[in-house]
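Trainee: Here is my input, please return the structure:
(chains A and B)
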Amino acid sequence: MIRPFFYLALMIAFSAAANAELETIDHIIPPGYEPSEAQDEQGLWMELKDYELRLNKSALLVRDPELTNYVKGIVCRVAGDYCNDIRVYLIRNPGFNASMTATGMMQIWTGLLVRSTSSDEIAAVVGHEIAHYTRMHTLKRFRRLKSSAAAGGLIDIGISIFTGTSVPIAQSLASMNALAFSRDQEQEADLLGARLLHEASMDPHAAYRVWQNIIAEEESAAVKRRSVSVFAQTHPDDQSRVDVTREWVIAKYGPPDNIEVADDALVTIMNNHYYFLMEDQIDTNRFGRTKELLERHSAMGVEPGTIYYFYGEMFRQRGADGDRDLAMSAYRHSIETGNAPADAYRNLGFLYLKEKDIEGAKKYFTIFLEQEPDATDRAMIEFYLDKG
Amino acid sequence: MQSRFSASMARNRTFKLAAALAALLLLTGCVTSSSNVQTIDKLETVRDKARIVLMPPDIRYYLLTAGGILEPHAEWTAAAEENFTVAIKDYAKSIGTDLIILDESNMSSLENKYEELHSAVGMTVISSHFGVYKLPAKQGRFDWSLGPDISAIGEEHDADYALFVYYRDRQASGGRVAFAILAAAAGGYTDTGGESGFASLVDLRTGDIVWFNVVTAGSGELRKKKGAASAVATLFKDIPANRQP
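Mentor: Numbers count the residues shown, from 1 in each chain, chains lettered A, B, ... in the order given. Model prediction:
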């Protein structure tokens, strides 16, 4: 019973403090910053440099020049004078995430691209992360932890970066729970991030819109994460943070001009790489979220042939009553656009096989092999073709 | 931001890591202890001397603060890495092997991949072979392998074996020691640091781990040259030599 009141008190205390202090938030470190001689800062940099060395070799690192240049372009524009201090890594992971270390290593997950409706929104997340960096939030958090006698048990900031454990590279930094940013730091990063957007002639209103989208996706989730989820726990917080940011941005930069529209740069990137970007999302088996994303992408103007294909994938994998029909219909829609991925023919063929419609299956398998003569599963498809 | 969206996954993972580390710590006693397992008696090679590739040793020194936070220590770690490399070169010579030392900043993707894989397997060996999380189907057998594709690394360096090293040292700060004394007076136990590590030798033709050694507590102080030599001797005690005497 105490908790709600506690949080309420915390929020009131915060908003009072916020109004006074938020105006003056500014960068702390200058461009070209190098670590001080302080032992703890040196140690942190050592861990992170070691991590970055490995990240460079990671199989999860996206190396496609078009994708990486797009992301780097956004980062550099938002970073302004700090551009040269930041090294950008695009990581193959369907989760929504971007992070920045005290050393200037920025990681952006591909999941961020599929969850953004404009380059401005991506820029908003990037700006938020750069603000964490220029305000030295990681080091501050670490120092606060150290000075608090309440730390109690062993907290190892190394354990998560633990060079060489089984932690997939993209997740290991995220597991620095001990160094999780505080709510105040998140709010600071939102606001300073909005300022960076404005200075880069981008839309500062994206600073809160991007969070609204995330909340919308969470609400459309078919299966809500269990209560242990940090997102669920911090959900009200996020809403109130979004509100503070929105009020601040409107007060400072005026009301939003118009409803945000997807920009050509992002739509082009999505169209050229949609299959690659969505494939991992489909594999999360989170159907509600996937559907919400497909709807969003469709509205943005992403090529319908591929979108229909992924609807087909979503229904096929969910496999509830009636999903087979829905999947077949989606693959057919995809094929009708004339821009279907080759896999649409193959997967439709498989569903015909399940329907015991051998002729239908053969028809689509044949087209698949014509389109993808070097398919790795060619032998299996030929086996089905011969069998009938 | 990241904490908000990925921490539940991360927590689970951190827990597993913590369990593996706890298993490592459980092996910690007040005296030096070392547990080793080996599946070969001597190194095999078509050359005069067996050639061993030393993967960049994963060594880290921490300051254990009064509040119980492990703070990575850059200066100590650098000294430890340097002393360790010198000590292991001497040791390799003494057991009649050629040692090739890989440069950490110039690793190939494949070498990097195997280093990651080895760490995952090594941690599992610690928790499931030496530790309390036994895998019943193994029935105590030691048959861990990184897989035969690692032979590409053997061909690249013209080597027979790869050696992996993992070493952690936690040095208690003055405040931490004081805290431990107070806690002990009140009947509690406080971790006051210590060292632990493991090394393993992998056959570069098969990928099999043919020798594995875990050491804990008092094995040596890598920050000093002499301590490093003693730590290396403890860590590689009973490693199969080039030839049977």
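
Trainee: Could you measure from B:S94 over to A:Y331?
Mentor: 67 Å (C-beta to C-beta, to the nearest Å). All C-beta atoms are positioned from the backbone trio N, CA, C, and that covers glycine.

Trainee: between these two, which one's more packed in?
Mentor: A:Y331 (30 against 11; other C-beta atoms under 10 Å in any protein chain shown).

Trainee: Return the residues in contact with A:L196.
Mentor: A:78-80, A:127, A:130-131 (C-beta atoms under 8 Å, 6 or more residues apart in numbering or on different chains).

Trainee: most surrounded residue in the residues you listed?
Mentor: A:G127 (32 neighbours).

Trainee: Next up, phi/psi of that residue, please.
Mentor: Backbone geometry at A:G127, expressed as degrees, to the nearest 10, gives phi -60, psi -40.

Trainee: excluding its backbone neighbours, what's nearest it?
Mentor: Leaving aside its sequence neighbours, A:G127 sits nearest to A:G193 (C-beta to C-beta, 6 or more residues apart in numbering or on different chains; 3.3 Å).

Trainee: check contacts around the most centrally placed residue in chain B.
Mentor: Geometric centre of chain B, nearest residue: B:Y166, 2.4 Å, by C-alpha atoms, centre = their mean. Contacts for B:Y166 (C-beta under 8 Å, 6+ apart) come out as A:164, B:57-59, B:119, B:122, B:197-199.

Trainee: Among those, which ones are in strands?
Mentor: B:58-59, B:197-199 (DSSP state E).

Trainee: Pull out the buried residues from those.
Mentor: Among the ones in strands among the contacts of B:Y166, the ones that count as buried by 16 or more other C-beta atoms under 10 Å in any protein chain shown are B:58-59, B:197-199.

Trainee: care to break chain A down by domain?
Mentor: A:2-253, A:264-387 (automatic domain parsing).

Trainee: Need the ones you listed in JSON lines (columns: mean pLDDT and distance to B:K224).
Mentor: Converted to JSON lines, the domains of chain A look like this (pLDDT from 0 to 100; distance: least, C-beta to C-beta, whole Å):
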{"stretch": "domain A:2-253", "mean pLDDT": "76", "distance to B:K224": "19"}
{"stretch": "domain A:264-387", "mean pLDDT": "94", "distance to B:K224": "48"}
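
Trainee: can I get the ones you listed in JSON lines with distance to B:P148?
Mentor: Output for these, formatted as JSON lines (distance: least, C-beta to C-beta, whole Å):
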{"stretch": "domain A:2-253", "distance to B:P148": "19"}
{"stretch": "domain A:264-387", "distance to B:P148": "22"}
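
Trainee: of all those domains, which lies closest to B:D41?
Mentor: Of all the domains of chain A, domain A:2-253 sits nearest to B:D41, with 28.6 Å by C-beta to C-beta.

Trainee: to the chain's geometric centre, what's the distance from the closest one?
Mentor: Domain A:2-253 has its C-alpha centroid displaced from the chain centroid by 11 Å (C-alpha atoms, centre = their mean, to the nearest Å).

Trainee: cool, stretch B:197-205 as well?
Mentor: 10 Å.

Trainee: CA atoms of that stretch as PDB?
Mentor: Output in PDB follows, covering the C-alpha atoms of stretch B:197-205 (Å, rounded to 0.1, in the frame of the first residue of the first chain):
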ATOM      1  CA  GLY B 197      40.800 -18.200 -13.000                       C
ATOM      2  CA  PHE B 198      40.900 -21.000 -15.400                       C
ATOM      3  CA  ALA B 199      42.900 -22.100 -18.400                       C
ATOM      4  CA  SER B 200      42.200 -24.600 -21.000                       C
ATOM      5  CA  LEU B 201      44.000 -26.300 -23.800                       C
ATOM      6  CA  VAL B 202      42.200 -27.000 -27.100                       C
ATOM      7  CA  ASP B 203      43.300 -29.500 -29.700                       C
ATOM      8  CA  LEU B 204      43.300 -27.500 -33.000                       C
ATOM      9  CA  ARG B 205      42.500 -30.600 -35.100                       C
END
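
Trainee: Could you see whether chain A lies near it?
Mentor: No - Stretch B:197-205 stays clear of chain A (C-beta under 8 Å from any C-beta of the partner chain), getting no nearer than 11.4 Å.

Trainee: Contact partners for the spatially closest residue to A:E188 that is not a sequence neighbour?
Mentor: In space, and not counting its chain neighbours, A:E188 is closest to A:I25: 5.4 Å by C-beta to C-beta, 6+ apart. The neighbours of A:I25, taking C-beta under 8 Å, 6+ apart as the test, are A:135, A:188, A:191-192, A:195.

Trainee: do B:L135 as well
Mentor: B:S128.

Trainee: Dihedrals phi and psi, it?
Mentor: phi -100, psi 110.

Trainee: what about it, distance to chain A?
Mentor: 16 Å (C-beta to the nearest C-beta, to the nearest Å).

Trainee: Could you export the ones in strands among the contacts of B:Y166 as a markdown table, including pLDDT?
Mentor: Below are the ones in strands among the contacts of B:Y166 laid out as a markdown table (pLDDT from 0 to 100):
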| residue | pLDDT |
| --- | --- |
| B:D58 | 87 |
| B:I59 | 89 |
| B:G197 | 84 |
| B:F198 | 87 |
| B:A199 | 90 |
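
Trainee: before we move on, back to that, and the residue nearest to A:G127, how far from chain B?
Mentor: 10 Å.

Trainee: How many residues are close by that residue?
Mentor: 26.

Trainee: The helix or strand encompassing it: which residues count as buried?
Mentor: Element membership for A:G193 (DSSP states H and E) is helix A:183-199. For helix A:183-199, the neighbour count (16+ other C-beta under 10 Å) marks A:183, A:185-198 as buried.

Trainee: which residues does B:A231 contact?
Mentor: B:84, B:87, B:167, B:195, B:215, B:219-222.

Trainee: Can you give me the pLDDT of it?
Mentor: What the model reports for B:A231 is a pLDDT of 87.

Trainee: Doesn't it lie inside a helix?
Mentor: Yes - counting by DSSP: H, G, I helix; E, B strand; the rest coil, B:A231 is found in a helix.

Trainee: Please name the nearest non-neighbouring residue to it.
Mentor: B:G220 (2.7 Å).

Trainee: I am assuming the one you found contacts B:A228, so please confirm or correct that.
Mentor: Yes - B:G220 is within contact range of B:A228, at 6.5 Å (criterion: C-beta atoms under 8 Å).
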